[in-house]
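Chemist: pasting the structure only:
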């Protein structure tokens, strides 16, 4: 497994300190994020999943703990929209340049507005997808917010 991806290159370019952790990706897992948390022996609140959604038809990136569900109502409100919906996997892959299970908020093909769940900032460090299946980047949640220019909000149910 290559540890150089568009995501890791974007993190380096942003001057973000991070460590990489690899794990055995299970494509049949019910929840990719929860499987990653279990595989790297970290609490789900620290292992963040990257989701692609649309608010009023415009793409957005949402980063939340792997054990949380996004509230579409809250998501729409954060981006000052009326309606939010999850993006279909093929559309997410085309937009980001990553495959599902390996979508990172860093290094996406097209930069879109990003929001991070506020509870992630309570953690001393978090893990986000490193740009491929089975690769997680460990970094400061504050660094993640700064590098992404992300909004921080209550996004979960």
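Modeler: All right, it came through fine. In this text the structure is predicted, and so the values were computed from the model without any measurement. Numbering: from 1, shown residues only.
Chemist: Any idea which helix or strand in this structure has the lowest mean pLDDT?
Modeler: Least confident helix or strand, the chain: helix 32-39 with a mean of 93, by mean pLDDT, DSSP states H and E.
Chemist: Quick check: what element follows it along the chain?
Modeler: From helix 32-39 onward toward the C-terminus, using DSSP states H and E, the following helix or strand is strand 48-55.
Chemist: one step back: also compute the angle for the least confident helix or strand of the chain relative to strand 48-55, please.
Modeler: For the pair helix 32-39 and strand 48-55, the angle between their directions (axes from the mean of the first three to the mean of the last three C-alpha atoms, to 10 degrees) equals 170 degrees.
Chemist: Remind me what helix 32-39 packs against, helices and strands.
Modeler: Applying 3 or more C-beta pairs under 8 Å, 6 or more residues apart in numbering; DSSP states H and E, we find helix 32-39 packed against strand 48-55. Every C-beta, even on glycine, is put in place using the N, C-alpha and C of the backbone.
Chemist: Can you list the buried residues in the very next helix or strand once past the strand it packs on?
Modeler: The helix or strand immediately downstream of strand 48-55 is strand 58-65, counting by DSSP H and E. When neighbours are counted by 16 or more other C-beta atoms under 10 Å, the buried residues of strand 58-65 are found to be 59-65.
Chemist: Give me the helices and strands touching strand 58-65, please.
Modeler: Packed against strand 58-65 by the contact rule (3+ C-beta pairs under 8 Å, 6+ apart) you find strand 48-55, strand 114-117, helix 141-148.
Chemist: at 7 Å instead, please
Modeler: In terms of contact count using 3 or more C-beta pairs under 7 Å, 6 or more residues apart in numbering; DSSP states H and E, strand 58-65 is assigned the packing partners strand 48-55, strand 114-117.
Chemist: C-terminal to that strand, what's the next element?
Modeler: Following strand 58-65 in sequence order, the next helix or strand is helix 72-78 (DSSP H and E).
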